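Trainee: pasting the sequence and the predicted model now:
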Amino acid sequence: MNTEDVQKLLKVAWVALIVLTIFLAVETLVAFKNLRSPDIGYNSISVTGEGEAVSIPDIASFSFSVSADAKLVNDAQDKVTRKIDAILASLKSLGIEDKDIKTTDYSVWPKYSYEPVICSNSYCPPSKQVPDGYTASHGISLKIRKTEDAGKALALVGDGGASNISGISFGVDDPDKLTEEARALAIVDAKKKAKTLSKELGVRLVRVVSFYDNTGGGGPYYAEGFGGDMVKTSAVPPPTIPTGENKTIVNVTITYEIR
């Protein structure tokens, strides 16, 4: 065997050694990974739990708008501003703070009317559209932290000349706290089920290998509310607004490794 053949043989041997080394390294990493993260498809059980947290609403909210017509833009805006300022002053007398009063819309648009036309026996021309002033509108959303004052606030807004009152609803100021409470109860429920199931199966719970809850979607169930069409003048008592209760339900799934 000459020198050239020996060199070729050594190269082949080196390539084979490198391939073998890489193969062993990959197998070793896979083995370590399997030790750290056992396949939860085997030797595992999954249980579900449900938790329900109930709270009396501590916040009421609704929206309203005020609109006005005038021949000139400035006059329409001035009418709306005076109405809104009067309504906001009356709302603040209930202790409602500026941070809980938010503008949701402010719009101004032209109005048009149609002039009558004279028709002949054979032809009737289309009505003529002519400018007829402007309409200004200001929309507000409101949060009331004393739910017992919700009816009074509705009455004050109606008294002030709001053209639309809607969306009355009741909630809690800290919904995350309610969710956390429901989740904790759901976990306790799942743990109880897991212990019972492990005894019935004759296995031992080793550790939690996965956890899931459904808090990524949905939300609290809100009590029924009423629109503002009934709120007209202060001659009638403010409407009674039942707040009901808020309920949050959380479902969890826990998977345990068993032996």
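Mentor: That came in fine, so what should we check first?

Trainee: poorly predicted segments of the stretch 101-250 of the chain, please.
Mentor: For the stretch 101-250 of the chain, the stretches flagged by pLDDT under 70 are 216-236.

Trainee: mind running it again at 90?
Mentor: Residue ranges of the stretch 101-250 of the chain with pLDDT under 90: 113-130, 163-164, 167-168, 172-175, 214-247.

Trainee: okay, residue 190 and residue 204: tell me how far apart.
Mentor: Residue 190 is 17 Å from residue 204, where distance means CB to CB, to the nearest Å. Bear in mind the C-beta positions are built from the backbone N, C-alpha and C, glycine included.

Trainee: of the two, which one has the most company?
Mentor: residue 190 (24 against 11; other CB atoms under 10 Å).

Trainee: and the more buried one, what element?
Mentor: If you go by DSSP states H and E, residue 190 is part of helix 175-201.

Trainee: and if you look at residue 9?
Mentor: Take DSSP H and E as the rule and residue 9 turns out to sit in helix 3-36.

Trainee: contacts for the next helix or strand after that helix?
Mentor: As assigned by DSSP H and E, the chain's next helix or strand after helix 3-36 is strand 44-55. With contacts defined as CB atoms under 8 Å, 6 or more residues apart in numbering, strand 44-55 is touched by 172, 178-179, 181-194, 197-198, 201, 203, 209, 245-258.

Trainee: what's stretch 127-137 in contact with?
Mentor: 65-73, 76-77, 79-80, 105-117, 163.

Trainee: list the contacts for residue 9?
Mentor: No contacts exist for residue 9 under CB under 8 Å, 6+ apart.

Trainee: distance of the residue nearest to residue 206 when sequence neighbours are not counted relative to residue 85?
Mentor: The shortest distance from residue 206 to any residue other than its chain neighbours is 4.2 Å, reached at residue 257 (CB to CB, 6 or more residues apart in numbering). Remark: distance between residue 257 and residue 85 (CB to CB) = 66 Å.

Trainee: higher neighbour count, those two?
Mentor: residue 257 (19 against 11).

Trainee: part of a strand, is that one?
Mentor: Yes. Counting by DSSP: H, G, I helix; E, B strand; the rest coil, residue 257 is part of a strand.

Trainee: right, and it touches residue 210 too?
Mentor: No. Assessed by CB atoms under 8 Å, residue 257 is found out of contact with residue 210, at 9.8 Å.

Trainee: specify the beta-bridge partners of residue 134.
Mentor: When assigned by DSSP bridges, residue 134 has beta-bridge partners residue 70, residue 110.

Trainee: what are the ranges of the strands in the stretch 51-200 of the chain?
Mentor: With DSSP state E, counting those that start in this stretch as the criterion, the stretch 51-200 of the chain has strands at 59-70, 101-115, 128-144, 164-171.
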